[in-house]
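1. model this:
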Amino acid sequence: MLYKTNYDLPSHMREPLSESARRFYRIAFNLAIQWYGEELKKASDCFERYQEPVG
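-> Okay, the predicted model is just below:
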């Protein structure tokens, strides 16, 4: 799944970053997904779940 807009980024990535940093992250992430495939997205999802606070 590619991020089409900066609003599609997870909130924990959107909030601390400036608009230009969000754009840079989104483009880099989308290129990595295109290059490495969906396996990278699955790994990223696992990491995001690990980073979320419990409770």
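2. Scan the protein for its longest helix.
-> helix 19-36 (DSSP state H).
3. what is the mean pLDDT for that helix?
-> For helix 19-36, mean pLDDT rounds to 89.
4. Who are the packing partners of it?
-> The helices and strands touching helix 19-36, judged by 3 or more C-beta pairs under 8 Å, 6 or more residues apart in numbering; DSSP states H and E, are helix 11-14, helix 38-51. Any C-beta I mention is one placed from the backbone N, CA and C, and that applies to glycine too.
5. one more time with 7 Å
-> Applying 3 or more C-beta pairs under 7 Å, 6 or more residues apart in numbering; DSSP states H and E, one finds that helix 19-36 makes contact with helix 38-51.
6. and residue 22, how many neighbours does it have?
-> The number of residues packed near residue 22 is 19, by other C-beta atoms under 10 Å.
7. Output the longest helix of the chain as CSV, nothing but the C-alphas.
-> Output of helix 19-36 as CSV, limited to C-alpha atoms (Å, rounded to 0.1, in the frame of the first residue of the first chain):
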residue,chain,number,x,y,z
GLU,A,19,5.1,19.3,5.8
SER,A,20,8.3,19.0,3.8
ALA,A,21,9.6,16.2,6.0
ARG,A,22,6.3,14.3,5.6
ARG,A,23,6.6,14.7,1.8
PHE,A,24,10.2,13.4,1.9
TYR,A,25,9.3,10.5,4.1
ARG,A,26,6.2,9.6,2.0
ILE,A,27,8.2,9.7,-1.3
ALA,A,28,11.1,7.6,0.2
PHE,A,29,8.7,5.1,1.7
ASN,A,30,6.7,4.7,-1.6
LEU,A,31,9.9,4.2,-3.6
ALA,A,32,11.1,1.6,-1.1
ILE,A,33,7.8,-0.3,-1.4
GLN,A,34,8.1,-0.2,-5.2
TRP,A,35,11.8,-1.3,-5.1
TYR,A,36,11.5,-4.0,-2.4
